[in-house]
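Colleague: coords below, sequence missing:
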């Protein structure tokens, strides 16, 4: 075992936001090992006070650039719950399409641009230009473009969506645009399989590591849950009432992190693609199941690095699901609908959805004029911070005899596997020190 | 030699840097004309030797201020990227309260003294800390505008940004005016360059690109009068992105046109 190791990695690269890894080993003993979040707290809770119900989705969308559609949709679900608004079937289908588009965009960005360079042994995607892997890179870029253009089509813009408003949409795509999109999705299923084969040839470069933990996410009888479902855990099964989310997501603050940590029955739990896969893999669409099989991914999988692969499996699922949604939309006829008419009233509303990095909750209380008086958001990445810390604590003794650079890279890869969204996690809507 | 470019981020959602990834295949063209030497969000390599610093986000803490000053010393040209950096954006909503008040609301009575991670002051745009050479506005930025600015800088030219209202682009897109549809839009006072993307998608302009240097106040007054709208709503809408940088306590500084003019 190495006698002394010091790692102080300030601002881990190829993740969203600012986090540090600190490791001090003295005389073969770990003295300090911390996953720190140093991102500036952003005070969204304070900012929402007094804002109009119609602005809440606009403001909370800015919690995160990558998952702005997920925040907007969850925000709308909370607002509409508070105001007793029932959206139309068409609105629900278009919103599901929007969520699929964002999940695809976020997952391919992470797999292709942030995680894959480690598998190819480079520092970023830029050195892949002109290398033997350029073709794979261009395929990834093509899938990224598809996902973004799909978001543009449904939401008006991929980052900070415009068309998603309380009670419906401010504009919708035409049948022709939707059928063109369906054709592209079909064509790019083939591209996705090609990317999967390339990744399968290098997947052995992920560290071999497992740690048993709890997985939490939405679950549903009807489908592989994204837009709707009930909160479920691999330890305790489905929970009856989403309004009771705080009993599963126990958030607390630690001094080395401006993002909160969370736990349920164990010291930590994990959310995101791997959690959803572990809970709901039987409900994946057929080609997504094939891709999981290609990588020998089976539930329950306790290797956090396989989160990258679960994301790829979900990418395929989202394509298949979107094609089915478009078929339904076209069959039932796309109608120009005005947003639902409603009366303002005081009340509390809770929105829950699965967004790329895991389960997201928005919880608002409105006064009788529709102004926000209280808000709480439980962010996926917050729920993963404690699990990252626990993984590090288990992994470091296993790799401590490796060269310093390799230990550092393994820890960085571990953080990246979670695809943390740190700006999100320091949104600070409702903080209590324990 | 190609100019060396470094990207940095402070308090923000990082959605503006994401627009660079969203250039898709055109990223390859970008690295033809500039050398990207630091971009934490997408690359491991880092260098303090750069010509152009492109910075997203607002400044919230002394430790951020210190880091920004260091970047300013290293860079020949400093570009503010997106509303959080150019005008403070959404992050400035909280400036209607003091930093102490906001901290108390969020942290309660917890002891956060001497913890630099939590040491927040009122939100500042970049130019409240260091001189800024160029601005790329928007929440998020417009990718085409980003390409124009970076191309101009790579060629040693001065990038031009529009100083006419969003209404010009909105009219070009043949949209029905949102005031006609009973919505309140900040298009008349907001700097164009976004191709009026929000009104074109049926949603009013929220003013994320900041107020024009010399807005046509007379026109705004006419619109408010014609549609029987109030100052109060206009003021409230301007606080979303800190569009006009006005202090809500002082009220609007718009002056009415004299009737005999």
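Modeller: Cool, got the structure. What you see is a predicted model; the values in this text were computed from it and never measured.
Colleague: and the residue of the stretch 1-150 of chain A that's closest to chain B?
Modeller: residue A:65 (2.3 Å; CB to the nearest CB). C-betas here are computed from N, CA, C, even on glycine.
Colleague: tell me how many other residues crowd the residue nearest to that residue when sequence neighbours are not counted.
Modeller: Using CB to CB, 6 or more residues apart in numbering or on different chains and skipping the chain neighbours, the partner closest in space to residue A:65 is residue B:15 (2.3 Å). Residues contacting residue B:15 under the criterion other CB atoms under 10 Å in any protein chain shown number 28.
Colleague: re earlier: the residue of the stretch 1-150 of chain A closest to chain B touches residue B:140, doesn't it?
Modeller: Yes: at 6.7 Å, residue A:65 and residue B:140 qualify as touching, with contact defined as CB atoms under 8 Å.
Colleague: which neighbours do the two have in common?
Modeller: Both residue A:65 and residue B:140 are in contact with A:159-160, B:15-16, B:18, where contact means CB atoms under 8 Å, 6 or more residues apart in numbering or on different chains.
Colleague: ok, the closest residue to residue A:228 other than its chain neighbours to residue A:232 distance?
Modeller: The shortest distance from residue A:228 to any non-neighbouring residue, by CB to CB, 6+ apart, is to residue A:220 (6.2 Å). Distance from residue A:220 to residue A:232, counting by CB to CB, to the nearest Å: 9 Å.
Colleague: tell me which of those two has more neighbours.
Modeller: residue A:232 (23 against 16).
Colleague: who does the residue lying closest to the more buried one once chain neighbours are set aside bridge with?
Modeller: Distances taken as CB to CB, 6+ apart place residue A:219 nearest to residue A:232, at 3.7 Å, with adjacent residues excluded. Under DSSP bridges, the beta-bridge partners of residue A:219 are residue A:230.
Colleague: count the residues that sit near residue A:219.
Modeller: 21.
Colleague: I'd say residue A:13 and residue B:43 touch.
Modeller: Yes: between residue A:13 and residue B:43 a contact is recorded at 6.4 Å, counting by CB under 8 Å.
Colleague: what do these two both touch?
Modeller: Contacts common to residue A:13 and residue B:43, judged by CB under 8 Å, 6+ apart, are residue A:123.
Colleague: all strands for the stretch 301-434 of chain A, in order.
Modeller: A:347-355, A:358-366, A:372-378 (DSSP state E, counting those that start in this stretch).
Colleague: check the stretch 151-261 of chain B too.
Modeller: Assigned by DSSP E, counting those that start in this stretch, the stretch 151-261 of chain B shows no strands.
Colleague: tell me the residues on it that lie near chain A, please.
Modeller: Contact residues, the stretch 151-261 of chain B versus chain A (CB under 8 Å from any CB of the partner chain): B:197-198, B:200-203, B:206, B:236, B:240.
Colleague: again, 10 Å this time
Modeller: B:178, B:183, B:194, B:197-204, B:206, B:208, B:233, B:236-237, B:239-241 (CB under 10 Å from any CB of the partner chain).
Colleague: and the helices in the chain?
Modeller: If you meant another chain, say so; for now it's chain A. A:44-48, A:56-61, A:68-82, A:89-108, A:116-120, A:134-155, A:175-202, A:273-280, A:286-294, A:307-332, A:380-399, A:404-417, A:422-425 (DSSP state H).
Colleague: right idea, wrong chain: chain B
Modeller: Here chain B has its helices, by DSSP H, at B:15-21, B:27-33, B:62-74, B:83-86, B:99-107, B:143-154, B:166-172, B:197-200, B:217-226, B:231-238.
Colleague: who does the fifth one touch, helix- and strand-wise?
Modeller: Counting contacts by 3 or more CB pairs under 10 Å, 6 or more residues apart in numbering or on different chains; DSSP states H and E, helix B:99-107 is packed against helix A:44-48.
Colleague: mind giving me the packing neighbours of the helix it packs on?
Modeller: helix A:56-61, strand A:372-378, helix B:99-107.
Colleague: so how far is the longest one from its chain's centroid?
Modeller: Pointing back at helix B:99-107 there. Here helix B:99-107 shows a centroid-to-chain-centroid distance of 25 Å under the convention CA atoms, centre = their mean, to the nearest Å.
Colleague: residue of chain B closest to chain A, please.
Modeller: For chain B, CB to the nearest CB, closest residue to chain A: residue B:15, 2.3 Å.
Colleague: surely that residue is in contact with residue B:141?
Modeller: Yes: if you go by CB atoms under 10 Å, residue B:15 and residue B:141 touch, sitting 8.6 Å apart.
Colleague: joint contacts of those two?
Modeller: With contacts taken as CB atoms under 10 Å, 6 or more residues apart in numbering or on different chains, the residues that reach both residue B:15 and residue B:141 are A:159, B:56, B:82-83.
Colleague: no further queries at this time; thank you.
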